[in-house]
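Q: dropping the sequence and predicted coords here.
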Amino acid sequence: MKDIARNPAAIATFVLFVVIALVPIVAPLIGYGFYVNVFARIMIWSIAAVGLNLIMGYGGMVSFGHAAYLGIGGYTFGILSYHGIDNGFIQWPLALAISAVVAFVFGAVSLRTRGVYFIMITLAFAQMVFFLGASLDQYGSNDGLIIYNRSTFDVGGVGPNLGDRVFFYYLLLALLLLVIFICWRIVNSRFGMVLRGTKSNETRVHAIGIPAYRYRLVAFVISGVIVGLAGILMANLEKFISPDMMNWPRSGELIFMVVLGGMGTLFGPVWGALAFLLLAEILSSFTEHWHLIFGPLLILVVLFGRGGVLGFVERLNPRHA
Amino acid sequence: MPESRLEVEALTKAFGGLVAADAVSFELEPGELHAFIGPNGAGKTTLVNLLAGQLKADTGSIKFDGVPITNWSAAARARHGLVRSFQITSIFRDFTVLDNVALAGQSRQGHSFGFWRAARNDPALRDPALRVLDQVGLASRADVPAGALSHGEQRALEIAIALATEPKILLLDEPMAGMGPDDSERMIAFLGRLKRRYTIMLVEHDMDAVFALADRITVLVYGRPIATGAPAEIRANAKVRQAYLGDEETAAA
Ligand SMILES: Nc1ncnc2c1ncn2[C@@H]1O[C@H](COP(=O)(O)OP(=O)(O)O)[C@@H](O)[C@H]1O
Ligand SMILES: [Mg+2]
């Protein structure tokens, strides 16, 4: 505990979560009610970024196609909802299972390659899914599809549903913390040590008798499922699905969030998503040409802010200075 | 007493026009320390890569305790006890020293599909890892990031990782590479203690080490073994003196 108390990054992260928890209570009181939605979106992107960070930050696999799983999660939920199946107990497991299967197939092929080839092949697979989504005429093709009902979780007529804004918000917070907790267990487990080992020195992992491929593949599937979950949540929040949610810029933004927050740290992706989305929100309220500022700013942070936002806070610690 | 044997037959590997291993045949007898010497570029590291599975041979066969393993992956070979160390240090630089060795030990304990329990404070991983570190004199450095070790310490860790897998056959590629005389001497003494505990192939440049430690020596020149025998025979072999030892003596003179 003492260590945490003296660690600025841990303090900052703790404060951040307190703030996130207070947003639905405080924001409407001071006339900033729309920030509830902003923070809900931040949490959803955080979940996705945590998922990508598992393979990118801990396993050295830079997937440029993780938006595919946002789309698969979102579309599975959206299409079921369109056909009148609102029950989350059906929608969610199915969406996560499809994410897992697709991640397994894409990963099995992509992980045969390394470096730039891996980046390109994950991108290519994701664009395949994007074009598939854009070709679904029944579900709005390029224009997307408005969804009327969020997931319900009733058992025999009672139970929560995501139409309740406050319930939805705190469910997001709980899921974000749960996903981070799961990743924390994973990266410190035997499996996690192998995963980190493959990032550090894959040749040696083989030389000590560990077949790295299957561990990397399992990590890739877990990562895809986590991002699939974020996709379900995103489509629920926006009540809308469109191919845009799985187009390549979304994959790029996810990578940016992970790098921006601090790769290979548990809470870094949350900081990355926060910084990315808040900056976009704030800059876009000043000028419609906000992309012209946003892009270079991101590049500067990535180039000069080693370790991302969390790394920066970490360096404020006098013991590390 | 170790009982593992390696039989290598007509192993060949070419890089383009360059034949780095030219129909190499030999055996590692159970428990022997078999040294390989030869000038730079003779193909010693290539041979280790072929045996440990980092490279696939063009032709030829490898048998490990009678089982053909020529088509096995590097991981499968190591899993069965054929384990190498690297001439160019190959450690997990951002892991602690202990985690380096613990990960190698993890490999011996079956699959690593444990997703939940923390590996770092698992005594089943820590205790054996600490014992191996103790053997190589790195116990006091257990919690240091491996990248922060001195060169000599990194070379010791290089061996410790291989030992932590509980190998049957050790393929050591120039364990003394880049070491000063003091570190070298310590490493030679350590290798002496490993002798007879494993079947060992020792690739080494350091002649003192080779003649002090080896039961048998094979001399490799241009990818081809030109002589095999006890240290005294090798010292007396005219072909070897001309091709290799002679070079060194004239160079030293
Ligand atoms: N991956 C490779 N590609 C091309 N040539 C290689 C490769 N590895 C080694 N060689 C060449 O094979 C020869 C043997 O190299 P090596 O096995 O490293 O020798 P040694 O370990 O005895 O010094 C050298 O001429 C080297 O340049
Ligand atoms: Mg060599």
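A: Happy to help now that I have it. Residues are numbered from 1 along each chain as shown, chains lettered A, B, ... in the order given. Ligands and ions are numbered 1, 2, ... in the order given.
Q: count the neighbours of residue B:230 for me.
A: 12 (other CB atoms under 10 Å in any protein chain shown). For glycine as for every other residue, the C-beta is placed from the backbone atoms N, C-alpha and C.
Q: ok, now which ones touch it?
A: B:215-217 (CB atoms under 8 Å, 6 or more residues apart in numbering or on different chains).
Q: and it, what's its pLDDT?
A: Looking at residue B:230, its pLDDT stands at 95.
Q: would you agree residue A:293 is in contact with residue A:283?
A: Yes - counting by CB atoms under 8 Å, residue A:293 touches residue A:283, with 5.7 Å between them.
Q: mean confidence (pLDDT) on stretch A:35-48, please.
A: Rounded mean pLDDT across stretch A:35-48 is 96.
Q: same question for stretch B:237-253.
A: pLDDT averaged over stretch B:237-253 gives 62.
Q: circling back to that earlier point, quick check: PyMOL command selecting the buried ones in the contacts of residue B:230.
A: Of those, the buried ones go into a single PyMOL selection, burial set by 16 or more other CB atoms under 10 Å in any protein chain shown:
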select buried, chain B and resi 216+217
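Q: residue boundaries of the strands in the chain?
A: In the absence of a named chain, chain A is used. Taking DSSP state E, the strands of chain A run over residues A:145-146, A:240-241.
Q: try chain B instead
A: B:6-15, B:18-28, B:33-37, B:59-64, B:67-68, B:82-85, B:169-173, B:199-203, B:216-221, B:224-229.
Q: avg pLDDT for the shortest one?
A: By that I understand strand B:67-68. 97.
Q: show residues contacting that strand.
A: By CB under 8 Å, 6+ apart, strand B:67-68 touches B:61-62.
Q: and the residue of chain B that's closest to ligand 2?
A: Nearest residue of chain B to ligand 2 (CB to the ion) works out as residue B:45 at 3.2 Å.
Q: what's near enough to touch that residue?
A: B:87, B:173-174, B:203.
Q: recalculate using a threshold of 6 Å.
A: B:87, B:173 (CB atoms under 6 Å, 6 or more residues apart in numbering or on different chains).
Q: how about the strands of chain B in JSON lines, adding distance to residue A:89?
A: Rendered in JSON lines, the data for those read as follows (distance: least, CB to CB, whole Å):
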{"stretch": "strand B:6-15", "distance to residue A:89": "57"}
{"stretch": "strand B:18-28", "distance to residue A:89": "60"}
{"stretch": "strand B:33-37", "distance to residue A:89": "64"}
{"stretch": "strand B:59-64", "distance to residue A:89": "52"}
{"stretch": "strand B:67-68", "distance to residue A:89": "51"}
{"stretch": "strand B:82-85", "distance to residue A:89": "49"}
{"stretch": "strand B:169-173", "distance to residue A:89": "54"}
{"stretch": "strand B:199-203", "distance to residue A:89": "58"}
{"stretch": "strand B:216-221", "distance to residue A:89": "67"}
{"stretch": "strand B:224-229", "distance to residue A:89": "68"}
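Q: and those strands as JSON lines, adding distance to ligand 1?
A: Output for the strands of chain B, formatted as JSON lines (distance: least, CB to the nearest ligand atom, whole Å):
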{"stretch": "strand B:6-15", "distance to ligand 1": "3"}
{"stretch": "strand B:18-28", "distance to ligand 1": "4"}
{"stretch": "strand B:33-37", "distance to ligand 1": "8"}
{"stretch": "strand B:59-64", "distance to ligand 1": "15"}
{"stretch": "strand B:67-68", "distance to ligand 1": "23"}
{"stretch": "strand B:82-85", "distance to ligand 1": "13"}
{"stretch": "strand B:169-173", "distance to ligand 1": "7"}
{"stretch": "strand B:199-203", "distance to ligand 1": "7"}
{"stretch": "strand B:216-221", "distance to ligand 1": "7"}
{"stretch": "strand B:224-229", "distance to ligand 1": "12"}
